[in-house]
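> give me coordinates for this.
(chains A and B)
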2 protein chains.
Amino acid sequence: MFNSYMDLAFKEAQSAADRGEVPVGAVLVKDNQIISRAGNRTLEMNDPTAHAEIMTIRAGCEALDNQRLTGCDLYVTLEPCPMCSAAISFARINRLYYGALDEKSGGAESGIRYFSHTTCHHAPEIYGGIGARKSAELLRKFFAKKRSGAILGD
Amino acid sequence: MFNSYMDLAFKEAQSAADRGEVPVGAVLVKDNQIISRAGNRTLEMNDPTAHAEIMTIRAGCEALDNQRLTGCDLYVTLEPCPMCSAAISFARINRLYYGALDEKSGGAESGIRYFSHTTCHHAPEIYGGIGARKSAELLRKFFAKKRSGAILGD
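A predicted model of the protein is given here:
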């Protein structure tokens, strides 16, 4: 089952890339129902907090009319950054499935390793490395294209 | 000058407390002009990301039509958490002034110490402990009232 949700997260990531955004996508699932899905929109929305995970969590809370996403699982194509890791914790997400590790800017299991820290008061079950090669390849192609000048923004 | 901006942040924190929200307030300033201001609204908005700093950053980016808040200073009544610290970094905020340290959940200079970590790619100048006693007292009173049952929510 998780492969199809992760495939959907990859579709969101690809759509983000097509918009010139860093290609990361996320899908929120509860009881085998998709609650929300989003790709990164920081450039389009002029909002540095508009990462795929934050957008998905906010939309999920709105859909479920609750600031706690108890019983929900989040599928993300890249390891969440510290901002998103903390938001995942605050939202009480049950399971986190993610693609490639982000050694430069990740914060879930690399970098600050938020979920292992004493100031983290809720950690999801974590399953990393799902579609990691695809996730890393998507990012590599995006940044190669960007360096070539085919994508604007920073 | 920073005292008056921090005073305004405290007004936002007090308004948050009056709404039954954890009392934290923030003010964003550029060239001696207030760009945005907000208090915590996580309960009201059913949004675990609606911390005072995130709300202020999002409103500031909208006001300045830019996802980067270069040259802006942020005044917050409490040490930012890891989520907000990362958002402050992504937004390229210039200076961060904050009140009390938050040893339980902070992430700027306590806890994960995000701004000192190698995965943090922009750190503001940081001035902590401004109005720390007032900040801590506001929180202490709020949680005492909450424990007494006078405030609902969690």
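> quick check: closest non-adjacent residue to residue A:118.
residue B:111 (7.7 Å; CB to CB, 6 or more residues apart in numbering or on different chains). The way it works is simple: take the backbone N, C-alpha and C, and place the C-beta from them, glycine included.
> so that neighbour touches residue B:105, yeah?
Yes: counting by CB atoms under 8 Å, residue B:111 touches residue B:105, with 7.0 Å between them.
> now do the shared contacts for the two.
The contact sets of residue B:111 and residue B:105 overlap at residue A:119 (CB atoms under 8 Å, 6 or more residues apart in numbering or on different chains).
> more neighbours: those two, which one.
Between residue B:111 and residue B:105, residue B:111 has the larger neighbour count (other CB atoms under 10 Å in any protein chain shown), namely 23 against 19.
> list the contacts of the more buried one.
Neighbours of residue B:111 in contact, by CB under 8 Å, 6+ apart: A:117-119, B:82, B:102-103, B:105.
> are any of those residues buried, and which?
With burial judged by 16 or more other CB atoms under 10 Å in any protein chain shown, the buried subset of those is A:117, A:119, B:82, B:102, B:105.
> between which two of these is the distance greatest?
Comparing every pair within the buried ones among the contacts of residue B:111 by CB to CB identifies A:117 and B:102 as the most remote, at 13.5 Å.
> out of the contacts of residue B:111, which comes closest to residue A:145?
residue B:82 (31.4 Å).
> contacts only, for the closest one.
A:82-83, A:85-86, A:107, A:112, A:114, A:119, B:107, B:111-112, B:114.
> restricted to helices, list these.
A:82-83, A:85-86 (DSSP state H).
> out of the residues you listed, the closest to residue B:29 would be?
For the ones in helices among the contacts of residue B:82, the nearest to residue B:29 is residue A:83 (22.1 Å; CB to CB).
> could you measure the residue nearest to that closest one when sequence neighbours are not counted against residue B:101, distance?
Excluding the flanking residues, the one nearest residue A:83 by CB to CB, 6+ apart is residue B:86, at 3.6 Å. To residue B:101, residue B:86 is 18 Å away according to CB to CB, to the nearest Å.
> which one's more surrounded, those two?
Higher neighbour count among residue B:86 and residue B:101: residue B:86, with 32 against 18, using other CB under 10 Å.
> which parts of chain A sit against chain B?
A:42-43, A:45-49, A:54, A:57-58, A:61-62, A:65-68, A:81-87, A:90-91, A:104-107, A:110-112, A:114, A:117-119, A:121 (CB under 8 Å from any CB of the partner chain).
> the residue nearest to residue A:83 touches residue A:107, doesn't it?
Yes: using CB under 8 Å, residue B:86 is in contact with residue A:107, at 7.3 Å.
> between those two, which contacts overlap?
The contact sets of residue B:86 and residue A:107 overlap at A:81-83, A:86 (CB under 8 Å, 6+ apart).
> any idea how far stretch A:103-119 is from the chain center?
Centre-to-centre, stretch A:103-119 and its host chain are 14 Å apart (CA atoms, centre = their mean, to the nearest Å).
> residue ranges of the strands in chain A, please?
For chain A, applying DSSP state E gives strands covering A:25-30, A:33-39, A:72-78, A:95-100, A:125-127.
> just the ones you listed: most buried one?
Each of the strands of chain A was scored by mean neighbour count; the highest is strand A:72-78, a mean of 29, by mean count of other CB atoms under 10 Å in any protein chain shown.
> any idea of the angle that one forms with strand A:25-30?
On the basis of axes from the mean of the first three to the mean of the last three CA atoms, to 10 degrees, strand A:72-78 is oriented at 170 degrees to strand A:25-30.
> and strand A:72-78, what does it pack onto?
For strand A:72-78, the contact count by 3 or more CB pairs under 8 Å, 6 or more residues apart in numbering or on different chains; DSSP states H and E identifies helix A:2-18, strand A:25-30, helix A:52-64, strand A:95-100, helix A:132-147 as packing neighbours.
> off-centre distance for it?
6 Å.
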